[in-house]
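*Asks:* sequence-free structure coming up:
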DNA sequence: CCTACCGATCGGTAGG
DNA sequence: CCTACCGATCGGTAGG
C-alpha cells in the first residue's frame, strides 16, 4: 500500500516540524538538536534525519512552518479588512494579540530567530531577512494607501510607520518574555493609537 | 613576587572577559564555549576555567563587563546633562549612536542576550532582567522630571515613553544587524524627535 | 597555569 | 524506519 505509506510519512514529518517549531521558539534554532528532537517525537535520530537530510534543512522546515503559523494567526485575521488604514490597524491589533495569545511557547519566533541568526551567514539567515523585509513592505503598503486617501498624514512616511510598529512589537515581546510584564500589550496598543489613529 | 603575579592574573582575566564579550555578542551566551574561548585567548581550557569555576560564572562575568561597557558608551556620554528632558534626549542620542558605532561586534549585547536567555531560568537571566528593569527606570525617571517641569506633556506617561524608546532601539538594532539597513539610525532619531521633542 | 582524561552529546553515515 | 557506529566537541575534573 504505497499510498497509505506516503500519507503516514507526510504526517510523521508534520509532527516533527510542529515539535521543532515549539522547541526552536524556546531554545533557539541552534538549540534545536537532532538527538533531543528525536527523543521528543519518539523516534531515532537517523529516522528523523531521513526526513530532512541535515540540520540546516530541519531549521528551514521549522522556519517555514513558523511563517505559515504567523500568516494564519496574524495576517489572516486582518486580510479581509479594506486595504489602507483599516487593514493596517487590524494587522497591528492581530500582531499584538499574537504575542498576548502566546502563539509560540517561547514568544515571537521571528524576534528570537532574528537576534540569534543575524550574525550567522547561510540560508536560514537569508530566508529570515527576506521574509521580514516582505513583512515590512506589507505594512508600508497599507500605510501608503492610508496616506493616499487621506486617512493618515504624509508624515511620518509609510516606511517610518512600519519601522516604528516593528519596534513596538519587539518591545512588547521583550517585556512579556523577559520581564513577565503583562501591561506591555496595553502600552503597545496606546502607542499604535497615537501612531496610526483610527479615521474619524 | 606575589604582587606581580596577582596583577598578571587580573590582567589575564581581563583579557579573557574582553574576548568573551565579543564572542557572546556575535554567537550568543551559549555559543560562548570554553574550548573555543581558550583557543581564542591562547590558553588551555582548564587554565581558563580556573579563573571562573564554571561556564555560568564566565557568562556572568561577560554580562557584567558588557554592562560596564554600556555605561561608558551610553550613560557616561549623557550623565552630565541636566536631569529631565536634556539628559533624556542625550541618553537617547548616545543609545542610537552606540548602535551606529557598533560598540559590540554583534550588535546590541543586551538585545541578543535577552532574546536568547528569556526562557532559560537561572542567574544569567535574573541579572539580565534586573539590569534592564533598572535601565527602563532610569529612562522613566528623567521623563518624569521632564513632565514635572513642563518640558514634556503628562501624556504619554513616563513609563510609556521609556517603553517606546526601548522599542525604537530594538528596531534599529534589528534593521542594522539583519537587514544591514544603514538608514535605521535616522529613522530612530526622527521617531525620538517626535516622542520627546526638544524644549522650545 | 599545564597535560591528560572523563562521560555525554553533537551532526551525520553505513548498512540494512 | 532501525541499530550501530564515526570523529569532534561539550563542560568539567584529577593531579601536578
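*Replies:* Great, that's in hand. Because the structure is predicted, anything quoted here is derived from the model rather than measured.

*Asks:* and chain A, which residues reach DNA strand D?
*Replies:* Residues of chain A lying close to DNA strand D by CB under 7 Å from any atom of the strand are A:8, A:9, A:12, A:43, A:44, A:45, A:46, A:47, A:48, A:50, A:51. In short, each C-beta sits where N, CA and C put it, glycine included.

*Asks:* just checking: which of these also lie near DNA strand C?
*Replies:* A:45, A:46.

*Asks:* May I ask which of the residues of chain A next to DNA strand D has the most neighbours?
*Replies:* residue A:48 (23 neighbours; other CB atoms under 10 Å in any protein chain shown).

*Asks:* Am I right that that residue is in contact with residue A:38?
*Replies:* Yes - Residue A:48 is within contact range of residue A:38, at 4.6 Å (criterion: CB atoms under 8 Å).

*Asks:* helices or strands up against the longest helix anywhere in chain A?
*Replies:* The residue-count maximum for a helix in chain A (DSSP state H) belongs to helix A:2-31. If contacts are counted by 3 or more CB pairs under 8 Å, 6 or more residues apart in numbering or on different chains; DSSP states H and E, helix A:2-31 sits against helix A:34-41, helix A:55-70, helix A:109-117, helix B:2-31.

*Asks:* on that earlier part again, got TSV for the residues of chain A next to DNA strand D, with secondary structure and pLDDT too?
*Replies:* Output for the residues of chain A next to DNA strand D, formatted as TSV (DSSP: H, G, I helix; E, B strand; the rest coil; pLDDT from 0 to 100):
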residue	secondary structure	pLDDT
A:8	helix	82
A:9	helix	86
A:12	helix	91
A:43	coil	94
A:44	coil	93
A:45	helix	95
A:46	helix	95
A:47	helix	94
A:48	helix	95
A:50	coil	94
A:51	coil	95
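
*Asks:* biggest separation within the residues of chain A next to DNA strand D, which pair?
*Replies:* A:8 and A:45 (19.5 Å; CB to CB).

*Asks:* how many neighbours does residue A:119 have?
*Replies:* 18.

*Asks:* Assign it to helix, strand or coil.
*Replies:* coil (DSSP: H, G, I helix; E, B strand; the rest coil).

*Asks:* ok and the residue in chain A nearest DNA strand D?
*Replies:* Proximity of chain A to DNA strand D (CB to the nearest atom of the strand) peaks at residue A:47, 2.2 Å away.

*Asks:* what's the distance between the closest residue to residue A:148 other than its chain neighbours and residue A:142?
*Replies:* Spatial nearest neighbour of residue A:148, chain neighbours left out: residue A:84 (7.7 Å); criterion: CB to CB, 6 or more residues apart in numbering or on different chains. According to CB to CB, to the nearest Å, residue A:84 stands 6 Å off from residue A:142.

*Asks:* Those two: which is more packed in?
*Replies:* Just comparing residue A:84 and residue A:142: by other CB under 10 Å the higher neighbour count belongs to residue A:142, 28 against 21.

*Asks:* and the nearest residue to the more buried one once chain neighbours are set aside, what does it touch?
*Replies:* In space, and not counting its chain neighbours, residue A:142 is closest to residue A:88: 4.0 Å by CB to CB, 6+ apart. By CB atoms under 8 Å, 6 or more residues apart in numbering or on different chains, the residues touching residue A:88 are A:139, A:142, A:143, A:146, A:196.

*Asks:* What does the residue nearest to residue A:148 show for phi and psi?
*Replies:* phi 110, psi -150 (degrees, to the nearest 10).

*Asks:* Distance from stretch A:21-35 to the middle of the chain?
*Replies:* 15 Å (CA atoms, centre = their mean, to the nearest Å).

*Asks:* and what of stretch A:189-200?
*Replies:* 23 Å.

*Asks:* what about that stretch, start to end distance?
*Replies:* One end of stretch A:189-200 sits 18 Å from the other (CA to CA, to the nearest Å).

*Asks:* pLDDT on that stretch, on average?
*Replies:* Averaged over stretch A:189-200, pLDDT sits at 96.

*Asks:* can you pull the buried residues of it?
*Replies:* Across stretch A:189-200, burial judged by 16 or more other CB atoms under 10 Å in any protein chain shown covers A:189, A:190, A:191, A:192, A:195, A:196.

*Asks:* Report the contact partners of whatever residue of chain A ends up closest to DNA strand C.
*Replies:* Nearest to DNA strand C in chain A, going by CB to the nearest atom of the strand, is residue A:35, at a distance of 2.7 Å. The neighbours of residue A:35, taking CB under 8 Å, 6+ apart as the test, are residue A:45.

*Asks:* Starting from residue A:55, give me the distance back to it.
*Replies:* Taking CB to CB, one finds residue A:35 at 11 Å from residue A:55.

*Asks:* Would you point out the most distant pair within the buried residues of stretch A:189-200?
*Replies:* A:190 and A:196 (12.2 Å).

*Asks:* So which residues on chain A come close to DNA strand C?
*Replies:* Near DNA strand C, when you scan chain A using CB under 7 Å from any atom of the strand, you find A:32, A:33, A:34, A:35, A:36, A:45, A:46, A:49, A:53, A:54, A:55, A:56.

*Asks:* mind running it again at 10 Å?
*Replies:* Proximity of chain A to DNA strand C is confined to A:27, A:29-39, A:44-50, A:52-59 under the rule CB under 10 Å from any atom of the strand.
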